[in-house]
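Novice: Test case, fold it:
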Amino acid sequence: MVGGGIGGLALGAGLRREGYEVAVFDRDTDVTATGGYHITLDGRAQQALAQLVEPAIMRRLRASASALRLRDRDAFFDRRGRLLGHGPDLSASSSIDVDRITLRMLLAEAVGEDLNLGRAVAGVAVAGHGMPQVRFTDATAVAADLVVGADGTHSVIARHLASGPTNRPAGIIGFSGRTRRADLGLAEQQRLGTRSTMGIGPRGAALYIGFLDPVGNAALDAPELSMSITTGPTYIWGAMFPESTHTDVLRHLHGAALQEALIDRFRGRGWAPHTLEIIARADPTSVAAFRFNAASTHAAELAPWAASRVTALGDAVHATPPTAGMGAGAAIQDAADLLTHLRTVTESTNTITDAVGSYETQLRRRGSDVLSAAMKTVRLILATNTALGAAATATLSPVLATAAALANHAATRTRTSPRNPGPSHLRRGSPR
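Specialist: Coordinates of the predicted model:
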């Protein structure tokens, strides 16, 4: 296994659990050396993960995760902070949010001694006997029956298979950070609430604010099992701008300097000062920049290689912008599917190559679905960065805000108005 991210560790854990001889190689020297942001696992991703790890790991995950069903409905705001509408009812949702570091630590524990850190992979080759070999920058090559590239957007393995990049920049630069809810003023705490929100303004400026509370909203009430790195209500936000020479400058800034630059950029696009408090009050050490990369949304263009003893999963194949919150979940489902198909090698006359071929067919379909969902938001943000799109956004926002305010007022009146007491002769205590 090349890559110790979420997908690679999940597959490594599953293979180890079923008795396969496995080795996971990652260039990081510390499993916590990753972005401390949250990821969403829907019901399908959780079912897939349950096939890969022991029940005890799943219990600890749920005790460390925040249940979406316990938070308020998501909301959409404009650049002035005016409510435009709400997302779907989450009361029946089985999805959970979990810190990326927390999940990676749990999966690394499940892989155990088969995880090899500090091992940078230089490439892959096929030896004379037909077995693939993983080559390292500073160690002897290792041969294997199967090599899986789980090494992310800039995958060495997938690039080898495709004879070139498997994705390209999506046209958006993202900036993320963490802000404790208690660090915001009362007005912003009340406006944002215990929910996730999204705001899109003219000229491609967008701000996503995710609410994470794995203590108060724990999916499993078992604090003795929790190992979440988030210990109180926290907003984990992502600022987005169209990629340009102006935003390239921001990518080289860090901490407080990057915070100030982001606030200035939003102000220049007409955002109200109070909507930017989430950025101003963030932990400076958590603020970082990253580029959105995306593979093709067309299934036929994903994993464009013949099946062999070398394959890949997750962002190595279907690099997905974070705008749908489905990338990590899809990688876990990839891992579960590959393990399922590998079982057929011992249960039938299938070869490893046959199993990989069947797996890659499903991989292409799933990758296409996830990418299509994520790119809808990307295209919407980019559409506001035109003269027509900017004008339409500025014009429609107050109209939608007024409609939302009227609907909210009507709903409030309905909830608070006294019940119709009915005809007077039926009222209790009325004179006859």
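
Novice: and residue 410, backbone torsions?
Specialist: phi -60, psi -40 (degrees, to the nearest 10).

Novice: Quick check: pLDDT value at it.
Specialist: Residue 410 is assigned 76 on the pLDDT scale.

Novice: Now do the contacts for it.
Specialist: By CB atoms under 8 Å, 6 or more residues apart in numbering, no residues touch residue 410. Glycine gets a C-beta too; all of them are placed from N, C-alpha and C.

Novice: Check residue 378 too.
Specialist: Contacts of residue 378 (CB under 8 Å, 6+ apart): 170-172, 292, 294, 321, 323.

Novice: Inside strands: which ones of those residues?
Specialist: 170-172, 292, 294 (DSSP state E).

Novice: May I ask which of the contacts of residue 378 has the most neighbours?
Specialist: Within the contacts of residue 378, neighbour counts (other CB atoms under 10 Å) peak at residue 323, which reaches 26 neighbours.

Novice: Which of the ones in strands among the contacts of residue 378 sits closest to residue 244?
Specialist: Proximity of the ones in strands among the contacts of residue 378 to residue 244 was ranked by CB to CB; the top entry is residue 171 with 9.4 Å.

Novice: Would you reformat the ones in strands among the contacts of residue 378 as JSON lines and include pLDDT and distance to residue 230?
Specialist: Listed next are those as JSON lines, based on pLDDT from 0 to 100; distance: CB to CB, whole Å:
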{"residue": "170", "pLDDT": "97", "distance to residue 230": "28"}
{"residue": "171", "pLDDT": "96", "distance to residue 230": "31"}
{"residue": "172", "pLDDT": "96", "distance to residue 230": "26"}
{"residue": "292", "pLDDT": "95", "distance to residue 230": "24"}
{"residue": "294", "pLDDT": "98", "distance to residue 230": "28"}
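
Novice: from these, which is closest to residue 30?
Specialist: residue 292 (25.8 Å).

Novice: Quick check, the closest one in contact with residue 175.
Specialist: No: using CB atoms under 8 Å as the test, residue 292 is too far from residue 175 to be in contact (11.2 Å).

Novice: before we move on, the earlier item: could you point out which of the contacts of residue 378 is nearest to residue 231?
Specialist: Nearest member of those to residue 231, counting by CB to CB, is residue 323, at 27.5 Å.

Novice: for the stretch 1-150 of the chain, what spans make up the strands?
Specialist: For the stretch 1-150 of the chain, the strands defined by DSSP state E, counting those that start in this stretch occupy 24-26, 38-41, 66-67, 75-77, 83-86, 96-99, 115-117, 121-126, 132-136, 142-143, 147-149.

Novice: just checking, residue 290 is part of a strand?
Specialist: Yes: the assignment for residue 290 by DSSP: H, G, I helix; E, B strand; the rest coil puts it in a strand.

Novice: Residues in a beta bridge with the closest residue to it other than its chain neighbours, which ones?
Specialist: Leaving aside its chain neighbours, residue 290 sits nearest to residue 174 (5.2 Å; criterion: CB to CB, 6 or more residues apart in numbering). Per DSSP bridges, the residues bridged to residue 174 are residue 240, residue 290.

Novice: So for residue 416, what's the pLDDT?
Specialist: pLDDT, read off for residue 416, is 67.
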